[in-house]
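In: return atomic coordinates for the entry below.
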Amino acid sequence: MALYAEIDSATRAVTKTHTTVMMFRGFEVFLRGRPPEDAIHITSRTCGVCGAAHANASTRACDAAAGMTPLSMGNVLRNLAYAMTDYTYDHSIILNMLEAPDYSEVMVSKLTPSVWKTAQTTPAKYSDIHGYRTIADIMRDMNPIQGRIWQLTVKHQRIAREAGVLIYGRHSHPSTLIPAGISTDITNLPSLIQEYYARLSLLTAWVKFVWAVWQDLYEFYRDHVSTPDGKSYALTQGKTHDPPVMHASGWSDDPEIYSNMTDEAKGDWRELYAKLDAAYNARWEKPGLAIGHEIYSKNPTEIQLGYVEFADSSFYEDWVKANVAPPYGWLKEDPLGRPLVHGMDPLYKYHMWNRTTIPKPGAINFAEKYTWAAEPRIVLKDGRIAPIETGPISQLWLNTLHSTKVEVGNIKAWESNGSQLKIYLPGGTVNPDLPSGTYGELVITWNLPKYSTTLERLLARAVHLTLVVAVAWANLVKALELINAGKVQTSRPWNFGKWPDFSYSFGWWQVPRGSCMHWLVQQNGRIANYQYEAPTTPNVSPRNNRCTGPWKDQCAGPFEMAALNNKVTEEVEPSQWTGLDLVRAIRSFDPCLACAVHFEAKGEGGRVYNVIEKVIWNACSL
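Out: Down below sits the predicted model:
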């Protein structure tokens, strides 16, 4: 990945941005003709850190296309494993090893010495939880490798992976996910749950610590650090769209509701598809699409009707202009008979069930094609076309707007009222590596922000880390209830080749970087078409001219918009700028790419002042 930016050195404003992704994978091409269940384990290999993300989205697509879902314990085990291997593990690394160095003593004292000076005299508000006296103390322990926060992350990400591997069998590519179930050995299920519980208790103290650190850092940049034009750093730097278009898939299927829909559908995949919205909305984190602070729709089957990809600025042949239809012809309706892209011709041909991946390599040309990242857009029912943002902030955003609560037995995980979200973490979570302030009960409050900015996204990730652990506790309680009731069987009697003659579906699953989305079309037990997006796809989307309404002049992905909406705050001469603010903006999304951003700082006449390499390190190397 690379970011190209132009900056007015007099005003310190960013005037132009482009992001390029020079990597083609082609998974959609070599999945054709394979059994659908193979996609679970093949798409997992898309990434070496978030393999379970794709595996879970693919599993839900297979569930729907097969017309079968797991039994209750199977759903609980799927949820418990995922909470650890991808969320608790990955959020911790992203925050403290990949993003924290941008706010560490090493970086802040060198590039923004006035901020470092203020940090040294600013008391830490949440010191009773994390134990740090000043903001500077936090920044010092964020130094890479030598800092204590960095070192504690190395230990606790391992504990999280251990908890997930008890169920998945391995990480990062789960070996136990199958359509309609999970193949975990449950011979010693009570022992497995006990081992999971021991790790979850340690990690609950850990997420309290991490949240308190990032809450303090966020409030410091909100209240004490300004941009060159006098605005709050946290509230303005790295802003994306106005209004923001937030998409979330939700995760943690309700064990009973997702299981019961199979019996209610009586094996008919179309009947099961008709129940997907109810199942998705019953998830313990909620799906939906929001425009600003208004929910456009809570229902994934309705949202996905307008989900399209274009190939105007990306290195693909436009399959619509080339009239390359999928092997089953152009689909015009979803399984319930509703017109794709609201019946708009020819836009329905850009729907994901109609997409054909045809690589068309070329040189970078910002006036034409300049990246391998595709161009996802959402076509609204009124015909407007908008860009899409996704991430931890979008998931909290939709949770909040749903105005609901998640409670299992006597465990309340979280609740919201439309403008505020509260998360409940239990006490008695003793962790000898952490201050005693992390041992007690804690209620965390997140207020719905007006915009998505760099620091809002970082804070949202820290808050979401705590919410995931709260949901894990709810699933653990549910597991104990099922064990006590003797309901320990996990899977439906699915076997190889058990597929309808023709079916098509989708599977959405919220992951550390946002919405992971898979679309499957199968014929006679073979994949006819498979299309999928990592969360980074809509976020790193290039510019095109398709957007309308308030997004007409904002028709670029959140990466490019976030980098554009920055003022350079580095307290050095322009010839020594490193692009810190821009990189902070992009890294706050955690790009899931084999990425090392390269910058060239050029002055008059194109002379290269300096080249900064490997600003972003890929989490896959950890």
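
In: list of residues touching stretch 487-496?
Out: The contact list for stretch 487-496, computed with C-beta atoms under 8 Å, 6 or more residues apart in numbering, reads 35, 37, 66, 68-74, 77, 178-184, 186, 189, 262, 482. Using the backbone N, CA and C atoms, a C-beta is placed for each residue, glycine as well.

In: so which of those residues sit within strands?
Out: Ile178, Gly181, Ile182 (DSSP state E).

In: the second one and Pro70: what is the separation?
Out: Gly181 sits 5 Å away from Pro70, going by C-beta to C-beta, to the nearest Å.

In: right, and Thr121 touches Arg133 too?
Out: No: contact criterion C-beta atoms under 8 Å: Thr121 and Arg133 do not qualify, at 10.9 Å.

In: in the helix or strand containing Val210, what's buried?
Out: Following DSSP states H and E, the helix or strand that holds Val210 is helix 189-223. Judged by neighbour count (16 or more other C-beta atoms under 10 Å), helix 189-223 contains these buried residues: 189, 192-193, 196, 199-222.

In: from Ser588, how far off is Lys239?
Out: 11 Å.

In: what touches both of these two?
Out: Taking C-beta under 8 Å, 6+ apart as the contact rule, Lys239 and Ser588 both touch Ala562.

In: out of the two, which sits in the busier spot?
Out: The neighbour comparison of Lys239 against Ser588 (other C-beta atoms under 10 Å) goes to Ser588, with 30 against 21.

In: for the more buried one, grab phi and psi.
Out: Backbone torsions for Ser588, taken as degrees, to the nearest 10, come to phi -60, psi -20.

In: with Val408 instead?
Out: Torsion angles at Val408 (phi, psi; degrees, to the nearest 10) stand at phi -130, psi 120.

In: could you find the closest non-adjacent residue to it?
Out: Excluding the flanking residues, the one nearest Val408 by C-beta to C-beta, 6 or more residues apart in numbering is Ala474, at 4.2 Å.

In: next: Pro392.
Out: Ranked by C-beta to C-beta, 6+ apart and with sequence neighbours excluded, the top spatial neighbour of Pro392 is His464, at 4.0 Å.

In: what's near enough to touch the nearest residue to Arg12 once chain neighbours are set aside?
Out: Once flanking residues are discounted, Arg12 sits nearest to Val568: 4.2 Å by C-beta to C-beta, 6+ apart. With contact set as C-beta under 8 Å, 6+ apart, Val568 has these partners: Ile7, Arg12, Val14, Pro228, Trp577, Asp581.

In: ok, 7 Å please
Out: Ile7, Arg12, Trp577, Asp581 (C-beta atoms under 7 Å, 6 or more residues apart in numbering).

In: picking up where we left off before, Gly181 and Pro70: who's more crowded?
Out: Neighbour count, other C-beta under 10 Å: between Gly181 and Pro70, Pro70 has more, with 28 against 25.

In: for the record, mean pLDDT for stretch 270-284?
Out: Stretch 270-284 comes out with an average pLDDT of 98.

In: what about that stretch, start to end distance?
Out: 24 Å (C-alpha to C-alpha, to the nearest Å).

In: what do you get for stretch 307-316?
Out: 18 Å.

In: give me the buried positions along it.
Out: Neighbour-count burial for stretch 307-316, with 16+ other C-beta under 10 Å as criterion, is recorded at Tyr307, Val308, Glu309, Phe310, Ala311, Ser313, Ser314, Phe315, Tyr316.

In: just flag the most distant two among these.
Out: Among the buried residues of stretch 307-316, the pair separated by the greatest distance (C-beta to C-beta) is Tyr307 and Phe315, at 21.0 Å.

In: excluding chain neighbours, what is closest to Thr43?
Out: Nearest to Thr43 is His54, by C-beta to C-beta, 6+ apart, at 4.1 Å.

In: packing partners of the strand or helix carrying that neighbour?
Out: Mapping His54 onto the secondary structure by DSSP H and E places it in helix 51-66. Using 3 or more C-beta pairs under 7 Å, 6 or more residues apart in numbering; DSSP states H and E, the elements in contact with helix 51-66 are helix 38-43, strand 177-178, helix 269-274, strand 502-511, strand 514-523.

In: go through these and name the closest to Thr356.
Out: When these are compared by C-beta to C-beta, strand 514-523 sits nearest Thr356, at 11.4 Å.

In: partners of that closest one in the sheet?
Out: Paired neighbours of strand 514-523 in the sheet (DSSP bridges): strand 502-511 (antiparallel), strand 526-533 (antiparallel).

In: check contacts around Ile186.
Out: Ile186 makes contact with Val488, Thr490, according to C-beta under 7 Å, 6+ apart.

In: pLDDT score for it?
Out: On the pLDDT scale, Ile186 gets 95.

In: does Trp519 have beta-bridge partners, and which?
Out: Trp519 forms beta bridges with Phe506, Gln531, as assigned by DSSP bridges.

In: perfect, that will be all.
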